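**Student:** Mind looking at a prediction? Sequence and model below.
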Amino acid sequence: MTIRMDPEQNEVRALRGVADWRGQRVLEIGCGDGRLTLRLARLGATVEAIDPDPASLRLARRQLPARFAKAVRYRLGEAEKLRYPDESFDRVVFAWSLC
């Protein structure tokens, strides 16, 4: 059985409603398998996506469509230990994750 997350696209509508993502540099904390990461990239963002689980990152990388290869970068990382200089991103997304 295949699970489809948000087939009605409510999450995408909500994202569009809160910001214009085109050209924005976004940090996504807790990216998991990259589902939300791809939605942000489709909305025009450049996304640095971090997760503490190497297995999730491997899955996210395998599922990354070639057309988003320049817009998305997956890295091992934790919310409690961000290793980015101040003002590195225009927006930060921390959704569907526990810290």
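**Tutor:** Sure, I can see it.
**Student:** which one is Arg73 nearest to, not counting chain neighbours?
**Tutor:** Glu48 (5.3 Å; C-beta to C-beta, 6 or more residues apart in numbering). Any C-beta I mention is one placed from the backbone N, CA and C, and that applies to glycine too.
**Student:** what does the helix or strand containing the one you found rub up against?
**Tutor:** Per DSSP states H and E, Glu48 falls inside strand 46-51. Contacting residues not belonging to strand 46-51 are listed as 23-32, 34, 37, 40-41, 57, 60, 71-79, 84, 89 [C-beta atoms under 8 Å, 6 or more residues apart in numbering].
**Student:** Buried ones among the residues you listed?
**Tutor:** Taking 16 or more other C-beta atoms under 10 Å as the criterion, what is buried in those is 24, 26-32, 34, 37, 40-41, 57, 60, 71-72, 74, 77, 89.
**Student:** Assign Glu28 to helix, strand or coil.
**Tutor:** strand (DSSP: H, G, I helix; E, B strand; the rest coil).
**Student:** Find the residue at the geometric middle of this structure.
**Tutor:** Closest residue to the average C-alpha location of the chain: Thr37 at 2.6 Å, with C-alpha atoms, centre = their mean.
**Student:** Surely Leu38 forms part of a helix?
**Tutor:** Yes. Leu38 sits within a helix when classified using three-state DSSP.
**Student:** mind checking how far the strand holding Glu48 is from the chain centre?
**Tutor:** Relative to the centre of its chain, strand 46-51 is centred 5 Å away, using C-alpha atoms, centre = their mean, to the nearest Å.
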